[in-house]
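*Asks:* Can you look at this prediction? I've put the sequence above it.
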Amino acid sequence: MLSTALKDFAEQQPYRTISDTEFRDIAASLYNDFFVWVAESVLDPVPRLWAEVTGPSALGQFDQMIDEIEALQDGPRTKEHLTYIEHKMRQAQKFWGEIVADCPVRKQVTVKNRRIFHLGRPVDSGVLTRFRAKLADVLDGADIEFVFPQNPEKVQPSRNQGKISSLFPEDEESETHKPPKSMLTESKEETVAPKTPWSEWLDQGEIEIVTDLEGFRAVVNEASKVGICGLDLETTGLDPLAAKIRLVQIGIPKYPGSKRLVDEAGKSPVPGGSAKAYVIDLFALSADERKEIVEILVALVGDPNVIKIGHNLSFDLGFIRASAGRRIPMRNLFDTMLASQLVWAGFFKMEPTTSKNSKYRFKEVYPKHRLSDCVDRHLNVKLDKTGQTSDWSAETLSHDQILYAAKDVLVLPILYEILFDLIRRNEMEEAARLEFDCLPSVVEMEITGMPLNLTATKALLDSLTRERDELEIKLIGMAESSGCEFKTIKDVRKGVPGRFNPASIPNVLEYFNHVGHSVTDTRDETLQDLARAGDEFARLLLGFREKTKRVAFLVSWLEKTGDDPNGYAHLRSSYRQLGDKGVGRFTSSDVNLQQIPRTKEYRELFEVPEGRCLVIADYSAIELRIMAWLSGDPTMVTAFQNRQDLHRLTAAAVGRKDIDQVSKDERQASKAINFGLIYGCGAQRLVDSAKYDYGVDMSLTEANRAKKAFFATYPKIEEWHQKQRSLMDSPVPHWFHHHNTGYYSVKLVSVTIPPGRKRVWPWFKGKTLARFTMLANSPDQGIGASILKRALIRVYDRLLEYGWDDVYLAANVHDEIILEGPMEKAETMKEMLEKEMVLAGAEFIDPVPVEVEGNIGTSWAEK
DNA sequence: TGGAGGTGCAA
DNA sequence: TATTGCACCTCCA
């Protein structure tokens, strides 16, 4: 099991001394294999629980062995030490083998809500009772049942003795279904997906091609009668403003008497249930008919009595809205992608990397949420992905294309049931509602984008490029005339071979070391220190870095918008409502509107043409207000209610002086303290942040004192921190689903973020991967996200209600919402935006007041 | 060509 | 033990 690297090495040259590199290579390989083994086998909780009952000391001994092995990495760089490490690893594996062998559980079966454990030998009843209690603790909500062997003597140890079905069944599945390597390389196609209950169910699903308007109306009528349908589009491209809708697919479930398609355990189809897919090809219709189809879809999307299930609905809704050419109501949506992201709640696995650096040996791997991933995970059905990328603008579509399109929509009602069950079991209904209701705003922001002055952007790009080039020449000159011989210059840049490259970190480090600065990194703060000490190269390099970065920004913006004769365009972005970590903040990408440099130079490029305006509103100190609400600290709550400046208040408390006596520096330092507390940071980090983010020098002693004073002033915050810290010791059940096991719950460290979003952390090497800082920060950031989402929903509703078709939701940046509209409406827009944002905040953190600052301007710089 | 590593932008 | 996330650049297999 362990790597053969060491053996090979020993046989080759037993007496050769080992270089550091060789040592690291061999050790890395050993450790990699070892920790993969740890991750795979030690994670299984059942033998652990058994050991806890029958011999906790053995378990402690084992954990200690693992710790020791980890520590051995820092030992001497000798062959003997490597041999010793490997010996220790074998010992630990053997030891674990004994623990596993001692555990009587031979098989685990899940039937509905029952977990049946097949035992390989008789077990003392007292021990069994305690074991049951342990299991019950972990497998919350399951009935635990033990099955004893008929003839204990004859019971053969199972082939996988000791390898009990994992709590995370998808791991096993992916192992068993992984084809041998040769299959992957030799036969690229023709790997026939295995027949499974759900794939057969799908194959029996009916598909009807609809060819006229009346037929399509009938389909939508049927959907309204049933009250639920799957909705999917195939389009000729990804951009709703440039591409066209080709196919519309609607999937309608046919329920058996039980009103369910999936059985209660979540494992198999209920007999008698089925679904029918209707497909209509818009290219086979006249322009007028297509318009009519779009209007029928608009009515369907806006019908509050019909649930529309879709995967990544913002895509389909974007096309429907763009085709309709106006803002439309969208009600009763269920997005299976968002649902999947919600129920996985930030869960991840640790997987080994190829990295030799011990710090990066494992990386976090998050579940994917494409339709094919979800269907594979929950239904054991392999969806062909070629359908998605096939040519949807061809004159006639192939039979297969239609079939794939239909399957996508047949699968939706099943996924809906399973994911909805998970949402219910995890009590996340409100959170799901919030996400689904937010879809219309997301669609609008993606279609609208931020106005950009192209002429000004090009001008700035020109001057920045010039400045960057000048700096680059100066830096190359300085480096090459320094007499330093660069060993790290390898590649060719801009067609000039072998020049010093100021963007290359190794090059820069070589230069600095040559001129006598012993630096090991080239981070901003390091360069600033050098620059302050009078190093011209460092000063210029800082400028070069900044210009390079910003040139890249501007280039990407101009590429994205293309040219426009008016000199203005809209820079559009993609939004994700939910990130991997389960906190709930929006992310923006392609281009990222949430990372525009906060300087006038760049923000004023986002300018509106004559007659239009931007209304920009942001929440003031929202995360601190949320912290006040979370902790209920009376001093802080009162301060906000009295509209006091919290940074000054903190500064006064820390400096033991009157609030009027607080100096500017002290207020800056307090900002570092107040923000630091939101993240639960330590004193050293406080010192660094005060220096680099707020330009204030603070000693470590001062930082410690400040922390103490802070918690003395706001005692409830310290209490709340303790409460969050204690979550580490009280894991709670979280429900998952997999086609193998159906629904199953795992006890995990978890936080709940109003209105019910969850974030959970997996176990690794017997410990939770949750950290105090994350437990302290997630609810704060998460509530901020919830407030913003509620605000977006409210604003969209008002825009619809008022019929303001010339006002658009343009963007959001975590605590900021931007509207674009006609200048005449500026004041009303601002009033509406501020009001809705305040009301959204109050929904979550009343009685802590929420303040919103709105600004009217012609560019983003005016705020 | 893609992952890893480093860096920096925003909230 | 300061959080979240995206993007660009270089280096290397």
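*Replies:* Structure's in. What do you need?
*Asks:* Nearest to DNA strand B: which residue in the stretch 601-750 of chain A?
*Replies:* Residue of the stretch 601-750 of chain A nearest DNA strand B, by C-beta to the nearest atom of the strand: A:Asp618 (6.7 Å). Just so you know, the C-beta spots here come from the backbone N, C-alpha and C atoms, and that holds for glycine as well.
*Asks:* Same question for the stretch 201-350 of chain A.
*Replies:* A:Met350 (12.1 Å).
*Asks:* Helix, strand, or coil at the residue of the stretch 601-750 of chain A closest to DNA strand B?
*Replies:* strand (DSSP: H, G, I helix; E, B strand; the rest coil).
*Asks:* Now do the nearest residue to it once chain neighbours are set aside against DNA strand C, distance only.
*Replies:* In space, and not counting its chain neighbours, A:Asp618 is closest to A:Glu816: 3.9 Å by C-beta to C-beta, 6 or more residues apart in numbering. A:Glu816 sits 14 Å away from DNA strand C, going by C-beta to the nearest atom of the strand, to the nearest Å.
*Asks:* A:Gly318 too?
*Replies:* 18 Å.
*Asks:* do A:Pro367 as well
*Replies:* Counting by C-beta to the nearest atom of the strand, the gap from A:Pro367 to DNA strand C is 13 Å.
*Asks:* Now do the contacts for that residue.
*Replies:* A:Ser340, A:Trp344, A:Phe347, A:Phe348, A:Asp373, A:Arg377 (C-beta atoms under 8 Å, 6 or more residues apart in numbering).
*Asks:* what's around the residue of the stretch 601-750 of chain A closest to DNA strand B, how many residues?
*Replies:* Using other C-beta atoms under 10 Å, A:Asp618 is surrounded by 19 other residues.
*Asks:* for chain A, which strand is longest?
*Replies:* strand A:742-753 (DSSP state E).
*Asks:* Enumerate the residues of the stretch 701-850 of chain A near DNA strand C.
*Replies:* A:Arg771, A:Phe772, A:Thr773, A:Met774, A:Asn777, A:Ser778, A:Gln781 (C-beta under 7 Å from any atom of the strand).
*Asks:* Throw together a PyMOL command that grabs the buried residues out of those residues.
*Replies:* To isolate the buried ones among those in PyMOL, judged by 16 or more other C-beta atoms under 10 Å, type:
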select buried, chain A and resi 774+777+778+781
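*Asks:* looking at the sheet around the residue of the stretch 601-750 of chain A closest to DNA strand B, what are its partners?
*Replies:* Per DSSP bridges, the residues bridged to A:Asp618 are A:Glu816, A:Glu853.
*Asks:* Now do the contacts for it.
*Replies:* A:Val813, A:Asp815, A:Glu816, A:Ile817, A:Val852, A:Glu853, A:Lys863.
*Asks:* in chain A, what residue is nearest DNA strand C?
*Replies:* A:Gly682 (2.4 Å).
*Asks:* what's the distance between that residue and A:Pro762?
*Replies:* Plainly put, A:Gly682 is 25 Å away from A:Pro762 if you go by C-beta to C-beta, to the nearest Å.
*Asks:* more crowded one of the two?
*Replies:* A:Pro762 (18 against 13).
*Asks:* List the contacts of whichever strand or helix holds A:Ile423.
*Replies:* Following DSSP states H and E, one finds A:Ile423 within helix A:412-425. For helix A:412-425, the external contacting residues (C-beta under 8 Å, 6+ apart) are A:198, A:201, A:228-232, A:251-253, A:260-262, A:266, A:269, A:275, A:307, A:309-311, A:334, A:336, A:339-340, A:342-343, A:374-375, A:378-379, A:429, A:431-432, A:735-737, A:743, A:745.
*Asks:* ChimeraX command to pick out the buried ones of the residues you listed?
*Replies:* Buried residues among the contacts of helix A:412-425 (16+ other C-beta under 10 Å), as a ChimeraX selection:
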select /A:198,201,228,229,230,231,232,251,252,253,260,261,262,266,269,275,307,309,310,311,334,336,339,340,342,343,374,375,378,379,431,432,735,736,737,743,745
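*Asks:* How many residues are close by A:Val760?
*Replies:* Applying other C-beta under 10 Å, we find 24 residues neighbouring A:Val760.
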